[in-house]
Structure formats: C-alpha cells, structure tokens
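Chemist: could you work out the structure for the sequence below:
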Amino acid sequence: MSDKNSDSFGGRTVSNVAWLGGSQFLRQGISIGASLVIARLLAPSDYGVFAMTVFVNELAQLLINFGMGAALVQRKELDENVLSTTFWFQAGLGLVAGLAMLGAGPWIADYFKQPIVQWLMITCALNVFVSAISVVPNALLTHRLDMRDIAVGTFVGGLFGAFVAVAMSYMGFGVWALAMQPLAGSIVTTVYLFMRVHWRPRMIYDRLEVRKLLHFSGYLLGSNVLSHVTKNLQSLILGPGLGVVALGLMTMAQTVVWLPLAQISQTMVKATFPVFSKLQNEPARARSALYRATGAIGLLSFPLLAGIGALAGELMSVVFGQRWTDSGPLVAVLAAMSMVKSATTLADTVLMSTGRTDRLMHLAVISLPVMAAALWVFSSRNIFEATVAYSVTLTVLQIATQHFALQSIGGRWAEFLAPLMRPLLGTAIMVLGLIVLQHQIAWMPGLARLVLLSVAGAVIYIAWTWFLNRAALTELLGTIRSR
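Modeler: Here you go, the predicted structure:
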C-alpha cells in the first residue's frame, strides 16, 4: 500500500473516530443523565425484571444481524443485487425472530416467575424487527467510511429514546419505561439512516448471494451468539437463585461501568474495522495500528475506569441515591475487570479483519461452559462473590482472545503492552492519591467530597501524563487537530 493510501486510511480513521466519538460522547452523556433521573424514579426490582428480558432481546439482535453487516463491510464491491437480497433476508429473519420471541414470552415469564416479562417481550420483538431492517443501510454507510450520518442517526435516536424513558418513568409506567427506550431509539435511528443512505431495496432475492455472505458470517454468528450467552449468564443463573433485587444491583453496576467504557471502545471498534479489513494483507501495518490504537484506548479508559472503581461508594450513594449503595462494591470489582476489557477491545476486530472468525467461534465454544461453571458455583452464595467470579473469568477469557489476535498478525505481547505501561502507572498514582485524600476529607458532605475527589483525580492523572507521557498525549491531540 502506498504512503498516499496509508495516509488516506489514517485520515478517514481519525475522521471516523471524531464523528463516532463525538456522537458516542453526547449519547452517553444523555444516557447517563437519563439514567440518573430514571434510577431515582424506579426501584431496583424494575431493573431486575427488565434484566430478565435483556438476554433474549440481545440474543435475537445477534441472530437477526447474522453477521451480514460485517460481511457486507468486508466486501470490496457492493451492487444492487447483494444489497436488496440482504435486505429481504434480514426483514424475513427479523419477522421470524420477533414472532419466536412472542411465542417464548410465557415460557420466559414462567422461568423467572415474573408474569410481566411475557408482555415486555412485545416491545422486544418490535425492536428486533426494526433493527433487522437497519442492517443494510448501516453497513452501506460503513462500507463507504461515511460515519458522520451513522453518528448523527444514533445520536438522534438515543436522544429520543432517553426522552421517552424519562417521561414514562415520571408518569409511573415503571419497568415499561426501560422497555420502550431502545424501541423508540431504534425507530428514529433507522428512519434517519434510510433518509441519508439514498438507497431503497428492490424486489430482488438471489440465493447464491446469500450463500456467499453466509460463508463468511456463519462462524461470526455462532461466535456472537455464544459470546452473548456467556456475557449474560448472570441473568439466567443468578436471577432465579439470588432474586431480582440482587440482579438489579449487578445490572446497575454494569451500566455504571460499561457506559463510559463503551464511549471509547465501541467508537474505536466501529472506526477501525473497515480500515483493518483493508490492511488484512499487511500485518506489519496492522500491528502498528493496533499498538497505537490500544495505547490511545488505555490513555483514556484506564483513569476513567479506575476512578469509577475508587469512588464507587460515593458515586452510587450520592449520584444514584441510597437505595443503590449496596452496588458500590460491585462497581469497584467490575471497574477493575473492565480495565483489561478496554485494553483488549480490538482483539475481536483484528480476528474478524483477518478472516479468522473460526478462531472466534472456537473461543466462544470454550468460554460458555467455563463461565457457566464459575457462576453456578456462586449462584447460591451472594451477589458480591458472584460478581467477583464473573469478573475474574471474563478477564481470563479476554486475555486468551487477545493472545490469538496477536498471533493472527504476528504480534508480540511485549510490543502490545508497551504503550499501556505509562497510562497504567499514571492511573495507579492517581488511585493512591485518591485513597489518601478520601481519608483526609471523610468529614465533608457526600456531594462535595465526590466533586473534590473527581477533580483531584483528574488533575493528578493529567499532570502525570503531561510531564511523563507527553509524547503519547501530544501525538493524540496533534492527530485530532490535523483533521
């Protein structure tokens, strides 16, 4: 690849990160703000009941995607035949999945002994169909590296969904507010994407094209489904044994930790996948891009996650209210695990871009029984021990995935970890400073203490980065300014 093409890809990647990152930042800000309001209007049991639908809903979302979106993005050329064929395949799959969810509603409600779950599945089924028909316009815009329209569409949808959820919570709809938020957001986002993509499906369905796409997406689908089951086993295993309140506490803790993590990791995944796909035959460039991107992720995510973990007690009681105080220790545990998760964010992306979806499938097959066994052992104990078991097991699995990702491009662990060392050391210094300061200002009111600790943590980390890791910060800021 010529330097000119390399610069072009680099420029588009930075532009993609800027648009997706800006949109993600605004959406997460709105989501966090809405969550603060909703958490004060709803009870932990509402979150626990809604968590019982999340597993089936997200599983259906994976099935209706079928890996087709990724298969379209990886293709060099897209024509009307493959686009229309994929759209009708997706529409049919979404319809079948939605009807299956409605039919399974009574069984799911009986399993959790919560009758309302049956009716919540109606909104989930509608959301699945809407998401199914959005796959092609989303993939087409991604293939064009046109992330601006995707960013705007997801932002507008997220804003509308948050408004609906807050309004319904205020009006006393309870768990229905949580159920309607994703549906409302998906409808608005899908409408916007169709308006911007300037493409409409034709009455074309080519079975040969479907088989070609499935050849790539089959392993990816299996991997995604099994990974989803593994990630959500806590609802299936811990829910019946520990109850809706304990499950609600864990769900809220995951939301608090993973929302800011998603701000960084999802942006990088969406922005780099189409570019990594174009570098799949140039492992040296792919390694360089991976190391630099991982260093940037660590620079931003490590202090954020460590700060959330260190201030978990004050954060949950002051911001979310006293009813969520018991979730503080769970937040601390999940935040520590998520630092590893953030560093290995691009592992799946690398394996997908190099065509090693079979390796993802094999890892997912191993991960499912390992996670199930870990959770089952602690399902009759308490939610803290179960969260620790979940976090430790997930961390080990993430490291294994990263190992195979490095192997696929000829990478080495020492080279991969090198860009993370200074952000990690700066984060450790920040946490030590926060621990000392927490004891010194224990007499202060909760809100004032939380604000002071947050500001102090930011100052400590920024000062460390400026004086001892200035090169990485300067490179990141310089690249953004140049675009």
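Chemist: who does the host helix or strand of residue 307 touch, helix- and strand-wise?
Modeler: Assigned by DSSP states H and E, residue 307 belongs to helix 283-310. Counting contacts by 3 or more CB pairs under 8 Å, 6 or more residues apart in numbering; DSSP states H and E, the secondary-structure elements packed against helix 283-310 are helix 239-278, helix 328-343, helix 347-353, helix 413-440, helix 446-468, helix 470-482. No exception for glycine: its C-beta is placed from N, CA and C like everyone else's.
Chemist: for this protein, give me the ranges with low pLDDT.
Modeler: Where the chain drops to pLDDT under 70, the residues are 1-25, 28, 59, 62-66, 74, 76, 215-216, 472-473, 475-483.
Chemist: spatially central residue for it, please.
Modeler: The structure's the chain has its C-alpha centroid closest to residue 262; by CA atoms, centre = their mean the separation is 4.7 Å.
Chemist: from residue 32, how far off is that one?
Modeler: 11 Å (CB to CB, to the nearest Å).
Chemist: so who does residue 344 touch?
Modeler: Contact partners of residue 344, counting by CB atoms under 8 Å, 6 or more residues apart in numbering, are 398-399, 401-402, 405.
Chemist: and for residue 30?
Modeler: With CB under 8 Å, 6+ apart, residue 30 has these contacts: 158-159, 162.
Chemist: list only buried entries from those residues.
Modeler: In the contacts of residue 30, burial by neighbour count holds for 158-159, 162, counting by 16 or more other CB atoms under 10 Å.
Chemist: and the closest residue to residue 388 other than its chain neighbours, how many neighbours does it have?
Modeler: Of all residues beyond its chain neighbours, the one nearest residue 388 is residue 333 (5.6 Å), with distances taken as CB to CB, 6 or more residues apart in numbering. Residue 333: 22 surrounding residues under other CB atoms under 10 Å.
Chemist: over to the one 3 residues further on?
Modeler: The local packing of residue 336 (other CB under 10 Å) involves 19 other residues.
Chemist: please, which helix or strand holds residue 114?
Modeler: In the assignment (DSSP H and E), residue 114 maps to no helix and no strand.
Chemist: enumerate every residue touching the closest residue in space to it that isn't next to it in sequence.
Modeler: By the measure of CB to CB, 6+ apart, the closest residue to residue 114 outside its immediate chain neighbours is residue 49, 5.5 Å from it. For residue 49, the contacting residues are 114, 116-117, 120, 175, 244, taking CB under 8 Å, 6+ apart as the criterion.
Chemist: what's the farthest-apart pair in the residues you listed?
Modeler: In the contacts of residue 49, the most distant members under the criterion CB to CB are 120 and 244, with 13.4 Å between them.
Chemist: give me whichever of the helices and strands packed on helix 283-310 is most buried.
Modeler: Counting by mean count of other CB atoms under 10 Å, helix 347-353 has the highest mean neighbour count of these, with a mean of 24.
Chemist: the residue nearest to residue 143 when sequence neighbours are not counted and residue 158, how far apart?
Modeler: With sequence-adjacent residues excluded and distances taken as CB to CB, 6+ apart, residue 143 is closest to residue 73, at 5.2 Å. For residue 73, the distance to residue 158 (CB to CB) stands at 22 Å.
Chemist: before we move on, what about residue 115?
Modeler: 30 Å.
Chemist: over to residue 343?
Modeler: Note on residue 343: its distance to residue 158, by CB to CB, is 26 Å.
Chemist: next: residue 297.
Modeler: Distance from residue 297 to residue 158, counting by CB to CB: 22 Å.
Chemist: try residue 307
Modeler: Relative to residue 158, residue 307 is positioned 24 Å away (criterion: CB to CB).
Chemist: can you check residue 314 too?
Modeler: With the distance defined as CB to CB, residue 314 ends up 27 Å from residue 158.
Chemist: do the same with residue 340
Modeler: When distance is defined by CB to CB, residue 340 is 27 Å away from residue 158.
Chemist: which strand or helix spans the residue nearest to residue 114?
Modeler: Following DSSP H and E, one finds residue 49 within helix 44-65.
Chemist: give me the angle between that helix and helix 239-278.
Modeler: Using axes from the mean of the first three to the mean of the last three CA atoms, to 10 degrees, the inter-axis angle of helix 44-65 relative to helix 239-278 is 40 degrees.
Chemist: distance from helix 44-65 to the middle of the chain?
Modeler: With CA atoms, centre = their mean, to the nearest Å as the basis, the distance from the averaged C-alpha position of helix 44-65 to the chain average is 14 Å.
Chemist: ditto for stretch 360-378
Modeler: Stretch 360-378 has its C-alpha centroid displaced from the chain centroid by 19 Å (CA atoms, centre = their mean).
Chemist: in that stretch, what's buried?
Modeler: For stretch 360-378, a neighbour-count test (16+ other CB under 10 Å) marks 360-361, 363-364, 367-368, 371-372, 374-375, 378 as buried.
Chemist: same thing with stretch 211-224?
Modeler: Applying a neighbour-count criterion of 16+ other CB under 10 Å, the buried positions in stretch 211-224 are 213-214, 216-224.
Chemist: alpha carbons of that stretch, as CSV, please.
Modeler: What follows is the C-alpha trace of stretch 211-224 in CSV, where atoms were taken according to Å, rounded to 0.1, in the frame of the first residue of the first chain:
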residue,chain,number,x,y,z
ARG,A,211,-24.8,-18.4,0.4
LYS,A,212,-21.7,-16.3,-0.3
LEU,A,213,-22.4,-14.0,2.6
LEU,A,214,-23.2,-16.8,5.0
HIS,A,215,-19.8,-18.4,4.2
PHE,A,216,-18.2,-15.5,6.0
SER,A,217,-20.8,-14.8,8.6
GLY,A,218,-21.6,-18.3,9.8
TYR,A,219,-18.7,-18.6,12.2
LEU,A,220,-19.2,-14.9,13.2
LEU,A,221,-22.8,-15.6,14.0
GLY,A,222,-22.0,-18.6,16.1
SER,A,223,-19.3,-16.7,17.9
ASN,A,224,-21.5,-13.7,18.6
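Chemist: that'll do, ta.
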